[in-house]
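*Asks:* With the sequence up front, the predicted model follows.
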Amino acid sequence: MKSKKELLKTILFPVFAVLFVFLVWAIAAYGKNNPLILPQPTEVLKKFFLLFREPSFWVSVGKSLARTLLCFGISFLCAFVLAFCKPLHRFLLPIVSVLRSAPTVAVILILYAFTTSEILAVAVGFLIAFPVLYSGIRTAVEAVDKDLTEMAKVYKVPLYKQFVGIYLPQTANAIFDCCRSTVSLTLKVIVAAEILTVLSDSIGGKIQTAYASFEISFLLAWTLVAVVLGYLLEILVVLIKKLVIRWDKKWN
């Protein structure tokens, strides 16, 4: 019974949600009756699968994915290390607050005057992803059982043993959940930076090119590529989470 419920949650609900979105899209396109402005989902799906045959497609997706992973990796590493440095929290708090409230487009335009398009995409992604990851990890660290940490101090347990035995097990779930939402956000921000800077050989660059030539079907097809890629990245984080939890249970 439980397995059936899990199957319903993980497969059927997302499928129904996607079908509902496509249904609303199809009705809106039918009502608009202008494929140059809003094409039917079937037309966009045809363009979507045609993209896979183009060599430039894999280059563009690969470069955007590489920027996303690089940016997310740097952001996570910095956020993870700094979140465990309690003395720095008061210093970082106002900086993180400013970064979280700064408009993404404004950040892109400001940095565009000082750096190249290649560096800009990663820099903007970092400035958006880092504060989200830092806040999420810091919140998880503050939620660790205080009785355990106090007991570890009383018995003078080494810091690395406290980190491995107390902090990591109690913060892992929250950290992975934060990473799941942030990795797709990072991709979205990087694609936005690629669009505004017209970065060639990228998902954002292809979207901008399709927009400039008024090829709405290809624009939506490339947008669908970004959506699917973001979803796959989230699934990857979930799979890593399951492997880590399974490994932790096996060895503990």
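*Replies:* Arrived safely.
*Asks:* Could you list the low-pLDDT ranges of this structure?
*Replies:* 1-10, 248-252 (pLDDT under 70).
*Asks:* go with 50
*Replies:* 1 (pLDDT under 50).
*Asks:* Tell me where it has helices.
*Replies:* Counting by DSSP state H, the segments of the chain that form helices are 2-7, 13-32, 41-51, 55-83, 89-101, 104-112, 117-142, 146-154, 159-162, 168-197, 203-212, 216-251.
*Asks:* got the contact list for the closest residue in space to S135 that isn't next to it in sequence?
*Replies:* Residue nearest to S135 in three dimensions, not counting chain neighbours: V96, with 6.3 Å by C-beta to C-beta, 6 or more residues apart in numbering. Where you see a C-beta, it was placed from the backbone N, CA and C, and this is true even at glycine. By C-beta atoms under 8 Å, 6 or more residues apart in numbering, the contact list for V96 reads F130, P131, Y134, S135.
*Asks:* State the number of residues packed around the third one.
*Replies:* Looking back up the chat, that one is Y134. Number of residues near Y134 (other C-beta atoms under 10 Å) recorded here: 26.
*Asks:* hang on, it packs against C85?
*Replies:* No - checked against C-beta atoms under 8 Å, the pair Y134 and C85 is beyond contact range at 10.7 Å.
*Asks:* Return the residues in contact with K153.
*Replies:* Neighbours of K153 in contact, by C-beta under 8 Å, 6+ apart: none.
*Asks:* so how far is Y167 from it?
*Replies:* For K153, the distance to Y167 (C-beta to C-beta, to the nearest Å) stands at 13 Å.
*Asks:* Backbone torsions only: list them for V198.
*Replies:* Per-residue torsions, V198: phi 50, psi 50 (degrees, to the nearest 10).
*Asks:* For it, give me its contacts.
*Replies:* S117, G205, Q208, T209.
*Asks:* repeat that for 6 Å
*Replies:* G205, Q208 (C-beta atoms under 6 Å, 6 or more residues apart in numbering).
*Asks:* so how far is stretch 177-191 off the chain centroid?
*Replies:* Distance of stretch 177-191 from the chain centroid (C-alpha atoms, centre = their mean, to the nearest Å) equals 1 Å.
*Asks:* Ok, stretch 103-119 next?
*Replies:* 19 Å.
*Asks:* So which bits of that stretch are buried?
*Replies:* Across stretch 103-119, burial judged by 16 or more other C-beta atoms under 10 Å covers T104, V107, I108, L111, S117.
*Asks:* Quickly note the distance from the second one to L196.
*Replies:* In other words, V107. 11 Å.
*Asks:* Equivalent analysis for the first one, please.
*Replies:* Taken as C-beta to C-beta, the spacing of T104 relative to L196 amounts to 10 Å.
*Asks:* same check, this time on the fourth one
*Replies:* L111 sits 10 Å away from L196, going by C-beta to C-beta.
*Asks:* for E142, what are its contacts?
*Replies:* Applying C-beta under 6 Å, 6+ apart, no residues contact E142.
*Asks:* Sorry, slip of the keys, the one I care about is V21.
*Replies:* Applying C-beta under 6 Å, 6+ apart, we find V21 in contact with no residue.
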